[in-house]
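S.K.: Could you work out the structure for the sequence below:
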Amino acid sequence: MIRKALNDAVRWGLLTRNVALLADPPPMRVVKAARRRGMQTWSPSELREFLDSTRGYELHTLWCVLAATGMRRSEILGVRWSEVDLAAATLTVRQTIVATAEGFRPQDEQKSEGSARTIHLDRRSVAQLRAHRAAQNEGKLALGSAWQDHNLVFPRANGSWWNPPAISLAFRRAVKRAGVRPIRLQDVRHTHASLLLAAGINPKVVSERLGHSSVAFTLDTYAHVMPGCGIGGYHKVGRRPTWRCPVLPRGPRSVMTPLAAGSRSNPA
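M.R.: Numbering: from 1, shown residues only. Prediction:
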């Protein structure tokens, strides 16, 4: 993180060189251990309780789609309607919201080659996005010329993009209001990955869904949720025309999504 920040400062002309490049990186085993120590995940019931508690609030659909896709914070804030195909139930990650010398701005350059990817959506997410788009269109008409049209799926109330730290603050407030065990916003991504792997989804599918650089990275990061499942233990589960996101136990006549079972109303 420090190395990246200093690289940005050099690129912006604030520094002449990045002194962090002179430091030796820590051993990989230390990096992996630190990564796992910092990671916290919700159980299916905790995730369900949080999402139920946000019904009726402005960011409910954002939290649901985040939980159902495992997208990065910068990715979900930058996604545009032109990259969402509700008929095909897919979402393509191209644009992100990143820090620049002028503040947070949209950027098409991805973190890695695997970061630019297409994510399959479950049916509940598709329905929620349809309703979200209809509500957004009503808001645009109400604001008229005051609406800033960046074609974003999850903009602020005036159409402009969210700053990533601001959405993290909104998440912490929502968690506190819900009364569930506190985790970081990036831990929702970890929760998504952990629950998929624990359900037996092929690690290669999960790795591609998360935009990881390699399956090995995914296995290293989430090995603790895959007892007995190594490189040779891939389950033969591939993509289907309709993506089912197995983050909750299947209920009667339900699609496996974060809101598929046990939902309860919690008006604002």
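S.K.: So the closest residue to residue 86 other than its chain neighbours: helix, strand or coil?
M.R.: Once flanking residues are discounted, residue 86 sits nearest to residue 126: 5.3 Å by CB to CB, 6 or more residues apart in numbering. Quick note: C-beta positions are derived from backbone N, CA and C, even for glycine. The assignment at residue 126 comes out as helix when based on DSSP: H, G, I helix; E, B strand; the rest coil.
S.K.: And stretch 71-85, what's buried?
M.R.: Neighbour-count burial for stretch 71-85, with 16 or more other CB atoms under 10 Å as criterion, is recorded at 71-79, 83-84.
S.K.: show me where pLDDT drops low in this structure?
M.R.: Filtered on pLDDT under 70, the chain yields the residue ranges 1, 22, 24-37, 109-114, 225-268.
S.K.: next one: phi and psi at the residue nearest in space to the middle of it?
M.R.: Residue closest to the average C-alpha location in the chain (CA atoms, centre = their mean): residue 71, at 2.4 Å. Main-chain torsions, residue 71, degrees, to the nearest 10: phi -70, psi 160.
S.K.: thinking it is in contact with residue 121, fair?
M.R.: No - look at residue 71 against residue 121 with CB atoms under 8 Å: they stay out of range, at 11.1 Å.
S.K.: what touches both of these two?
M.R.: Common contacts of residue 71 and residue 121 (CB atoms under 8 Å, 6 or more residues apart in numbering): residue 65.
S.K.: part of a strand, is residue 4?
M.R.: No - Residue 4 sits outside any strand when classified using three-state DSSP, being helix.
S.K.: still on that earlier bit, the residue nearest to residue 86 contacts residue 88, correct?
M.R.: No - look at residue 126 against residue 88 with CB under 8 Å: they stay out of range, at 9.5 Å.
S.K.: Of those two, give the one with the bigger neighbour count.
M.R.: Neighbour totals were compared for residue 126 and residue 88, and residue 126 leads with 20 against 12 (other CB atoms under 10 Å).
S.K.: Give me the distance between that one and residue 213.
M.R.: As judged by CB to CB, to the nearest Å, residue 126 and residue 213 stand 29 Å apart.
S.K.: Of all the residues in stretch 194-211, which ones are buried?
M.R.: 194-199, 201-211.
S.K.: now the buried residues of stretch 71-85 in a markdown table, with distance to residue 97 and secondary structure?
M.R.: A markdown table is the format used below for the buried residues of stretch 71-85 (distance: CB to CB, whole Å; DSSP: H, G, I helix; E, B strand; the rest coil):
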| residue | distance to residue 97 | secondary structure |
| --- | --- | --- |
| 71 | 12 | coil |
| 72 | 10 | coil |
| 73 | 8 | helix |
| 74 | 5 | helix |
| 75 | 9 | helix |
| 76 | 9 | helix |
| 77 | 4 | helix |
| 78 | 5 | helix |
| 79 | 10 | coil |
| 83 | 14 | helix |
| 84 | 16 | strand |
